[in-house]
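Novice: show me the folded form of this:
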Amino acid sequence: IWSLGMMLYELSTGQPYFDKKTPNVVTRQLCSDDFEVDVGDVPDANLRDLIGKCLSLEPGRRPDITGFLLHPYFITTGFGPFSF
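Specialist: Just a heads-up that it's a prediction; the model follows:
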């Protein structure tokens, strides 16, 4: 789910979340007590909420795949050829 969140962030903003940062810097940031995910660059409010949930630092707080697909972003915009 974390990877889906990162992919959605990059697709919606056109930039990787950790753009131009080395793996060591990324690891230090993620392990830092004061790190907070910033999804403010994502233009759509529902998508911003979904990405923020996917990028929760606590894995247990991230949605499972059902919760991901039933998020209001997909419910209100449709999913592929289907519209809910």
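Novice: beyond the helix or strand containing N24, next helix or strand please.
Specialist: N24 belongs to helix 23-31 when assigned by DSSP states H and E. Under the assignment DSSP H and E, the closest C-terminal helix or strand after helix 23-31 is helix 45-54.
Novice: quick one: buried residues of that following helix?
Specialist: Within helix 45-54, the residues that qualify as buried are L47, R48, L50, I51, G52, K53, C54, counting by 16 or more other C-beta atoms under 10 Å. Yep, even glycine has a C-beta here, placed from its N, CA and C like the rest.
Novice: what's the average pLDDT for the helix or strand just after it?
Specialist: Downstream of helix 45-54, the next assigned helix or strand under DSSP H and E is helix 65-69. Averaged across helix 65-69, the pLDDT comes to 93.
Novice: so what touches helix 65-69?
Specialist: With C-beta atoms under 8 Å, 6 or more residues apart in numbering as the test, helix 65-69 has contacts from I1, L4, L50, C54, F79.
Novice: list the contacts of G5.
Specialist: Residues near G5 by C-beta under 8 Å, 6+ apart: L50, I51, G52, K53, C54, L55, R62.
Novice: again, only this time at 6 Å
Specialist: If you count contacts by C-beta atoms under 6 Å, 6 or more residues apart in numbering, G5 has them with I51, C54, L55.
Novice: check F35 too.
Specialist: Contact analysis of F35 by C-beta under 6 Å, 6+ apart lists Q29.
Novice: renumber starting at 20 from here on
Specialist: Let's use 20 as the start, then, which means that last one is F54.
Novice: so how far is L27 from it?
Specialist: Distance of F54 to L27, computed by C-beta to C-beta, to the nearest Å: 19 Å.
Novice: can you show me the CA trace of stretch 77-84 as CSV?
Specialist: What follows is stretch 77-84 as a C-alpha-only set of coordinates in CSV (Å, rounded to 0.1, in the frame of the first residue of the first chain):
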residue,chain,number,x,y,z
GLU,A,77,2.3,3.1,10.9
PRO,A,78,1.6,0.2,8.6
GLY,A,79,-1.5,-0.8,10.6
ARG,A,80,-3.1,2.5,9.9
ARG,A,81,-2.8,2.1,6.1
PRO,A,82,-5.9,0.9,4.2
ASP,A,83,-6.0,-2.7,3.0
ILE,A,84,-6.7,-3.2,-0.7
